[in-house]
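Enquirer: Here is my input, please return the structure:
(chains A and B, ligands or ions: 1)
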Amino acid sequence: MSFDHKHLIDIAEYSDTDIMTLLETAKAFSEVNRRAIKKVPTLKGKTVVNMFNEPSTRTRSSFELAEKRLSADSLNCGGSSTSTVKGESLIDTVMTLDAYQIDMIIVRDKHAGAPYIITQHSPASVIDAGDGKHGHPTQALLDLYTIWQHRGRIEGLRVGIVGDIGHSRVCGSLIPALKIMGAEVTVVGPGTLMPACPDVLGVDHVNLNLDDVLPDLDVVYMLRIQKERLEGAPFPSLREYHGLYGLTRARERLMRPDALIAHPGPINRGVEFDSHMADHPVRSVILDQVYAGICVRMAALFLLLGGAENGLDS
Amino acid sequence: MALILRNAHVIDPACGLDGVLDVRIAGERIERVGERLEGGDSDDQLDLTGCCLVPGLVDMHVHLREPGYEHKEDIESGTRAAAVGGFTAVCSMPNTDPVSDSASVIEFVLSRARAAGHCRVHPCGAMTKGERGEILSEMGDMVAHGAVAFTDDGRGVQSAGMMRRVMDYGKMFGKVFMSHCQDEDLVGDGQVNEGVASTKLGLLGWPAAGEELQIARDIRLAELTGARLHIQHVSTARGVELVRAAKARGIPVTCEATVHHLFLTEDDLDGTYDTNLKVNPPLRTAADAAALVEGLVDKTIDAIVTDHAPHAAWEKAREFELAPFGMTGLESSLALVISKLVRPGTISYARMVELMSIRPREILGVDSISITAGSPADVTVFDPNLTWTLGRDGYQSKAENCGFAGTELTGRAVDVFVSGRPTLADGAIC
Ligand SMILES: [Zn+2]
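Expert: Residues are numbered from 1 along each chain as shown, chains lettered A, B, ... in the order given. Next up is the predicted model:
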């Protein structure tokens, strides 16, 4: 197993082999998460900083659990106590953290490019836990993991991503990751939610009509509609959005019998889908994605902090 | 006592000069131009063999930052940067603090420039009070105290009605209206060109149309009012096309391109989030840059400028969205134009002199400068073969936010005279 990445920021720098290594490692850690004692000493003595400059309960708790289960020491900074709120610049904060001799910084920031800036000012490994509208690579990996677990492969699958493509950091990583793994990607949504150049992300097809594409898809990935974005009025109402792009019981008839429903969470019931679809016992993999998040983040921490040399069972 | 500049390749298309000549400067003016001029015993002589001598270069779009933002640049440091870059004059933009929207600020800028003495400064006044786009500024008073043109640079005047009022009222002063074209409703918080860059970097897009709509609007308003219009930092292919079509219809419109829009594109941002490349308007596509070069060649574009926009290092060392727009350019633009346009044969030195000296003065309506007897002795001498690395020896500007730092360049100013007085001698500031 060779894995020589220091950072997890730009998923496009990872090969299909790198990604497969991550997914296989995540699968191995899945076993740890099902034990009675969910802890291994793998990263004992390593210091990880969770720098969440923007609130994110889900991603943050997933990372924290992953760190704890690997026995890493972790330090939380950011949130309302963040130095940037007090006027300190991101770079000064990073240089301060660095003086503590830390090994890794996990960063969530509302500004695109923040993780990259950190790599320019700190020798620590950096994981992008979501930067502005740019990227969210561990989300992409947990999505791939979930699809892989359910379908046994990613290559050749047709994945449709529905909703706010243009403002989604999930898309910034998920679309390139799906392409690296050989999937075919269709994006669906109103023109106001499309990026200027979907093709540079790797999108194969752009469609404005959900009903047109639904019959072809193996995975229907619904993006969260951020209600705060409605101020910019990208569509007239949630009601109309739900009518055009909501995954409803009525639309289910258009779907392939084995098509999966995924969503990065947290979900808006009655917007992205109705409850029947969100909780669909066979199709919905939304809670599997949440579980996959811990496994994938353990794998990323392990591999980036040089765990491959320590051995998985140490 | 006079000074004789000997054996320089004199290039001045305005008076048809393109050959090795001597130039004799007496006092503030050029006294004679000719082959092997005779000198008196008391005359100083300067042998300029291998160098080019041209009418003093003008940068008609410069932010000197004083008053208000002296931590970024001040008139002394900014004009020093201009001198080392080969300029004898710059136009200062009015978005200072306080905004240059009154005679007192215009006078202040002029007095500081005189004290610094590194080059001429032609101050531009704001079209509207505080550049807020709401109330006409006292354009008449500012003209009486030395303002050469009007602009709300940094912002576009958002209301078409207000822009019309500016032109209708201000045209009696005979000055040019310089327009920073930016429709704030379309551009919003745009950070980079809308397209590949915005999609890849996950940053809000600044659409080409956000510039072109105001170019089209202002051209139409110039036609309506008869005022003279100058489009600042045109950056898109369609923007160039709009100006070309307007000129063909005889509308009094001119335009400028910045060095960075000519030689950098949105692709240079790829993967770096380099805030030194964050400019307004943003770096566009390679096709847009090619259209700008075409516009230089066919004379749709009248002037090359820098939009020299200095910022403190700590202001640029931020997240891309938090960093201010702008890059410096005074010290690199001549060398970039020589290296990337003249030496490859895209334009001639004569065309370069038109773009960086003759046309800017015509647009601004300031004293014309030529290499001819009686003209003020504002002269730029550059060595077209000198190679150097930008930024290696630091900058005269207080700021270092230059997107071309580290570039190997060919061509550099060596001697500059303003009113017969040296401001740069053998590459050193006087
Ligand atoms: Zn401007």
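Enquirer: residues contacting the residue of chain B at minimum distance from chain A?
Expert: Here the residue of chain B nearest chain A is B:Gly202; by Cβ to the nearest Cβ that distance is 2.7 Å. For the C-beta atoms, the positions are set from N, CA and C on the backbone; glycine is no exception. By Cβ atoms under 8 Å, 6 or more residues apart in numbering or on different chains, the residues touching B:Gly202 are A:112-113, A:131-135, A:169, A:172.
Enquirer: Could you rerun that using 6 Å?
Expert: Listed by Cβ atoms under 6 Å, 6 or more residues apart in numbering or on different chains, the contact partners of B:Gly202 are A:112, A:132-134, A:172.
Enquirer: out of these, who has the most neighbours?
Expert: Tallying neighbours with other Cβ atoms under 10 Å in any protein chain shown puts A:Gly172 at the head of these, with 32 neighbours.
Enquirer: Wait, that residue touches A:Gly135, no?
Expert: Yes: counting by Cβ atoms under 6 Å, A:Gly172 touches A:Gly135, with 4.3 Å between them.
Enquirer: Flag every residue of chain B that's near the ion.
Expert: Neighbours of the ion within chain B, by Cβ under 5 Å from the ion: B:153, B:180.
Enquirer: Chain B - how does it break down into domains?
Expert: Domain ranges of chain B: B:2-53+B:373-386+B:411-429, B:55-364, per automatic domain parsing.
Enquirer: so of those, which one's packed in deepest?
Expert: Neighbour counts (mean count of other Cβ atoms under 10 Å in any protein chain shown) averaged over each of the domains of chain B peak at domain B:55-364, with a mean of 22.
Enquirer: could the contacts of B:Gly202 be laid out in CSV, adding pLDDT?
Expert: Below are the contacts of B:Gly202 laid out as CSV (pLDDT from 0 to 100):
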residue, pLDDT
A:Ala112, 96
A:Gly132, 95
A:Lys133, 95
A:His134, 96
A:Gly172, 97
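Enquirer: Please report how far the residue of chain A at minimum distance from the ion lies from B:Gly161.
Expert: For chain A and the ion, the shortest gap (Cβ to the ion) falls at A:Ala196, measuring 22.8 Å. Distance from A:Ala196 to B:Gly161, counting by Cβ to Cβ, to the nearest Å: 31 Å.
Enquirer: Could you do A:Gln139 as well?
Expert: From A:Gln139 to B:Gly161 the distance is 48 Å (Cβ to Cβ).
Enquirer: so where does the residue nearest to B:Thr272 when sequence neighbours are not counted fall, helix or strand?
Expert: Nearest non-adjacent residue to B:Thr272, counting by Cβ to Cβ, 6 or more residues apart in numbering or on different chains: A:Tyr116, 7.8 Å away. Per DSSP states H and E, A:Tyr116 falls inside helix A:114-119.
Enquirer: I'd like to know which elements that helix is packed against.
Expert: Packing partners of helix A:114-119 (3 or more Cβ pairs under 6 Å, 6 or more residues apart in numbering or on different chains; DSSP states H and E): strand A:104-109, strand A:125-131.
Enquirer: The last one versus strand A:104-109: what angle between them?
Expert: Meaning strand A:125-131. Strand A:125-131 runs at 20 degrees relative to strand A:104-109, counting by axes from the mean of the first three to the mean of the last three Cα atoms, to 10 degrees.
Enquirer: Packing partners of the next helix or strand after strand A:125-131?
Expert: Using DSSP H and E, the next helix or strand after strand A:125-131 towards the C-terminus is helix A:137-151. Under the contact criterion of 3+ Cβ pairs under 6 Å, 6+ apart, helix A:137-151 touches helix A:16-33, helix A:169-180, helix A:286-304.
Enquirer: same for the helix or strand harbouring B:Ala291, what does it pack against?
Expert: B:Ala291 belongs to helix B:286-297 when assigned by DSSP H and E. Here helix B:286-297 touches helix B:237-248, going by 3+ Cβ pairs under 6 Å, 6+ apart.
Enquirer: Next, the contact list for the residue of chain A found nearest chain B, please.
Expert: Ranked by Cβ to the nearest Cβ, the top residue of chain A for proximity to chain B is A:His134, at 2.7 Å. For A:His134, the contact set (Cβ under 6 Å, 6+ apart) comprises A:112, A:169, A:172, B:202.
Enquirer: State the pLDDT value of the second one.
Expert: Going back to what we said before, that points to A:Arg169. At A:Arg169, the model reports a pLDDT of 96.
Enquirer: Thought A:Pro137 was touching it, still the case?
Expert: No: contact criterion Cβ under 6 Å: A:Arg169 and A:Pro137 do not qualify, at 9.5 Å.
Enquirer: between those two, which one's more packed in?
Expert: Per other Cβ under 10 Å, whichever of A:Arg169 and A:Pro137 has more neighbours is A:Pro137, with 32 against 24.
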